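**Student:** What follows is a predicted structure for the sequence shown.
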Amino acid sequence: MHMMVDLSSFSDEKFDAKAWINTACQSRHPQDPLEKHLVDLEMKLQMMSEEIASSLEDQSSAALLRVPRASRDSIRLHDDAVSLQHSVSSILLKLKKAEGSAAESIANLAKVDTVKRRMEATYKTLQDAAGLTQLSSTVEDVFASGDLPQVANTLANMRDCLSAVGEVAEFANVRKQLEVLEDRLDAMVQPRLTDALTNRKVDLAQAMRGILIRIGRFKSLELHYTKVHMKPIKKLWEDFDSRQQNKITSEKNEIEKFSSSHDFQSSSLTVSFFSWLPSFYDELVLYLEQEWKWSLLAFPDDYRTLVPKLLIETMAAICASFVFRINLATGDVVPETKALAKGLLDIISGESGVKIQIKHLEALIELHNMTGSFARNIQHLFSESDIQVLLDTMKAVYLPYESFKQSYGQMERATLSGEIAGIDLRGAVTRGIGAQGIELSETVRRMEESIPQVIVLLEAAVERCINFTGGSEADELILALDDVMLQYISTLQEILKSLRTVCGVDTDGVGSKKEMGLDKKEGAMHTRKFESVSNEEEWSYVQGALQILTVADCLTSRSAVFEASLKATLARLSTNLSISVFGSSLDQNKSHMADADGSGEFSTAGKAALDVAALRLVNVPEKARKLFNLLEQSKDPRFHALPVASQRVASFADTVNELVYDVLISKVRQRFNEVSRLPIWSSVEEQSAFHLPTFSAYPQSYVTNVGEYLLTLPQQLEPLAEGISSSDTNVDEAQFFATEWMFKVAEGATALYMEQLRGIHYITDRGAQQLSVDIEYLSNVLSALSMPIPPILSTFHTCLSTPRDQLKDLIKSDSGDQLDLPTANLVCKMRRVNLDL
């Protein structure tokens, strides 16, 4: 049985002899004995080893024989390499020598070539000069032939020859002659070009264009194209004036015909610019669309600039008339200015003597919106034009509104000022003293209702600014809003001064008179006047005054919300205008304004650059920089959009708090007035012949009135607290608000009372007993209101309730440490107790 021996595993570095033998044994036939298999395997391995040894010996012998031969071949190759190296060195040396002589030869050849080129140029110039002379002599014959293309070629050749000849004195007359000839050809082309443009002759138009281009007169093509097509457009524009004239004539005829009738309505015969302008724009878009399509065939290389140029020149031609019509149209919406035939520009200049109204601005924005719709249609129609061409076109479309936009801040300020001045805030303050409570309530109601009205006016102004100027006049708007808010808050401040008089807490009141040392009799008259006021009317003052707090709260919150909204608007403008003005980089790189696929659609920056605000700002860097500084500042959390108004709102809130406090404390001030001079303090107990029982003293009316007032005050504050909690959805804050005001009044009442107590010069034992009861009553009221008892007031009570002969010992005792010593000493002086003895 033949057995194969695998020797490949013997070459493995990790060869395992035992594993190899085991593997070889496993491959034997099951019927073969193991001993026989191993003998066969051994014999085969021995034979193969002998064969390998014999092969190695033969190959080694052959290798030894080849070594001398290889050595001789290596020596021969080395000799050949050395020989080659010497040959190359010799060739390099020869090349260096040749280079030196060749450089001189090349320099000489270059000089020869220069001379040759100059001679050729001279020859050509002489040929051109000869040709120019020949062309000059034959040009009249070419003109006489009437072949305009040939004339154009001749004049173009003359121009080329003149360029080649340069400034040569002999040909100066030819240069002038050429200009005259080109003008002559231009004049010959104009009638045919007019015919081609008017009658839509594509081939003729292309031929005439080719002639003008050949002689470098493309500008002439633009001018003539614009001149021809501007006539029908201007006729469309002048249609409004002709209609107006026809209506006026018709009106005169109607008046003459029906002079005896009173039913004639002349207003119905007028033509409204508002209804006429959209139809004009529609017809103009249709005309330009037709021109665009025809020019695409006639002037495929030029239509993207020719048609926009036509619109630009047309808008420039009718701009003055457009401004005049806008001015009159804005005046017609208000009967007063319509009767005077005046408009916005006349009002701004002060010629009309009337004030700007919101209707004027709304009419202006309505016209501007019509123009905006037209501009969008034009932008779509001219979408294949270059971005700069589109920008120039859009500027021309909006040009009639520029004078109005430049005066926008002045117009908005005057409008808002007039609207706010028209809000009736003072009407309720002019009635008599008898109805003061009603005056106060009515005036406060009007003040509160006016706040949302004013905020709505301001929000509408912001919207008008965006709609009309696109935000480009935001800086002027901010100034106008700040000024108008200042005007409104100043009016509210004046109302507060009037309300102080109504509430009896003005600067002519009793307390102020006393503080300023003015006429005592005058103060007494004022006191008597308010003493006659009923308790019910007094509470009506309190309720009205508390409602003023709602006014201050409403003004503070609404103005803060409006200012935050204004900041958000400015931030949005900052983003939009940054892309429009600076993102477009029109002056540096216009290529990125269109999409890469060449579809004619503009990128985001390109579209933004056509924004109504960007159109104004892109060429006015100083104004743009000023506006962007403002818009960048608006991103700062500390920025106040209305800085002066914000300060005045806070000042108004302080003034309201002061007024409310004065009103709430006025009854206390009135009751405590002259308490230090009451006769009971110096009264002596009367002696009686009979033995009568003694009764405890009762608190006097002045202090019980104050106590009852303080205890009733929380009930008066509760409705206001509920109103605040319902509006702010914060019950805890409202409760704190009511408690805070109650404490303010209680603290003020205590301070006034202690001031009066310090003013008592002498008090008898009976007076001390009575005053002690009064103080105890007020202390109980303060405790009921959860108010701490001031140490000075408790010292007054302790020292006055102590018998006179025990007062000295009390002060010097250990319990005297709990007393306010200056107050205790003052009471001792009142009661004539000498502490020094």
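**Tutor:** Done, it's in. Numbering: from 1, shown residues only.

**Student:** Correct me if wrong: Thr337 contacts Ile356.
**Tutor:** No: between Thr337 and Ile356 there is no contact under Cβ atoms under 8 Å: 9.2 Å. To be clear about C-beta, it is placed using only N, CA and C from the backbone, and glycine gets the same treatment.

**Student:** between the two, what contacts are shared?
**Tutor:** By Cβ atoms under 8 Å, 6 or more residues apart in numbering, Thr337 and Ile356 have these common neighbours: Ile347.

**Student:** Count the residues that sit near Pro400.
**Tutor:** Pro400: 22 surrounding residues under other Cβ atoms under 10 Å.

**Student:** How much space separates the closest residue to it other than its chain neighbours from Leu340?
**Tutor:** Excluding the flanking residues, the one nearest Pro400 by Cβ to Cβ, 6 or more residues apart in numbering is Phe322, at 3.8 Å. Phe322 sits at a distance of 21 Å from Leu340 (criterion: Cβ to Cβ, to the nearest Å).

**Student:** cool, Thr114 as well?
**Tutor:** With the distance defined as Cβ to Cβ, Thr114 ends up 83 Å from Leu340.

**Student:** Of these two, which one has the most company?
**Tutor:** Between Thr114 and Leu340, Leu340 has the larger neighbour count (other Cβ under 10 Å), namely 16 against 10.

**Student:** who touches the residue nearest in space to the middle of the chain in this structure?
**Tutor:** By Cα atoms, centre = their mean, the chain has its centre lying nearest to Leu570, at 2.1 Å. Under the criterion of Cβ under 8 Å, 6+ apart, the neighbours of Leu570 are Ala474, Leu630, Leu631, Ser634, Ala641.

**Student:** State the number of residues packed around the fourth one.
**Tutor:** The reference is to Ser634. Ser634, neighbours per other Cβ under 10 Å, totals 21.

**Student:** swap in the second one?
**Tutor:** Number of residues near Leu630 (other Cβ under 10 Å) recorded here: 16.

**Student:** Over to it. Which of the three states is it?
**Tutor:** helix (DSSP: H, G, I helix; E, B strand; the rest coil).

**Student:** doesn't Asp475 make contact with it?
**Tutor:** Yes: the criterion here is Cβ under 8 Å, and Leu630 meets it with Asp475 at 5.1 Å.

**Student:** Name the residues of the host helix or strand of Ser441 that are buried.
**Tutor:** Assigned by DSSP states H and E, Ser441 belongs to helix 436-469. Within helix 436-469, the residues scored as buried using 16 or more other Cβ atoms under 10 Å are 436-437, 439-444, 446-448, 450-451, 454-455, 457-458, 460-462, 464-469.

**Student:** how about the residue nearest to Pro400, secondary structure?
**Tutor:** Using three-state DSSP, the structure places Phe322 in helix.

**Student:** The residue nearest to the centre of the chain looks like it's in a strand, true?
**Tutor:** No: going by three-state DSSP, the assignment for Leu570 is helix, not a strand.

**Student:** Let the chain start at 187 from now.
**Tutor:** Right, with 187 as the first residue, what we last looked at is Leu756.

**Student:** Quick check, pLDDT for it.
**Tutor:** Among the per-residue scores, Leu756 shows a pLDDT of 89.

**Student:** on contacts alone, who are the packing partners of the helix or strand just after the helix holding Ser627?
**Tutor:** Using DSSP H and E, the helix or strand that directly follows helix 622-655 along the chain is helix 660-689. Identification of packing neighbours for helix 660-689 by 3 or more Cβ pairs under 8 Å, 6 or more residues apart in numbering; DSSP states H and E yields helix 594-607, helix 622-655, helix 721-763, helix 807-819, helix 829-858.

**Student:** How far off centre is the last one?
**Tutor:** To tie it back to what came earlier, the one meant is helix 829-858. In terms of Cα atoms, centre = their mean, to the nearest Å, the centre of helix 829-858 is found 36 Å from the chain centre.

**Student:** likewise stretch 551-558?
**Tutor:** 22 Å.

**Student:** Not counting its own residues, what contacts it?
**Tutor:** Outside stretch 551-558, the residues that touch it by Cβ under 8 Å, 6+ apart are 459-460, 463-464, 467, 512, 515-516, 583-584, 586-587, 650, 653-654, 798.
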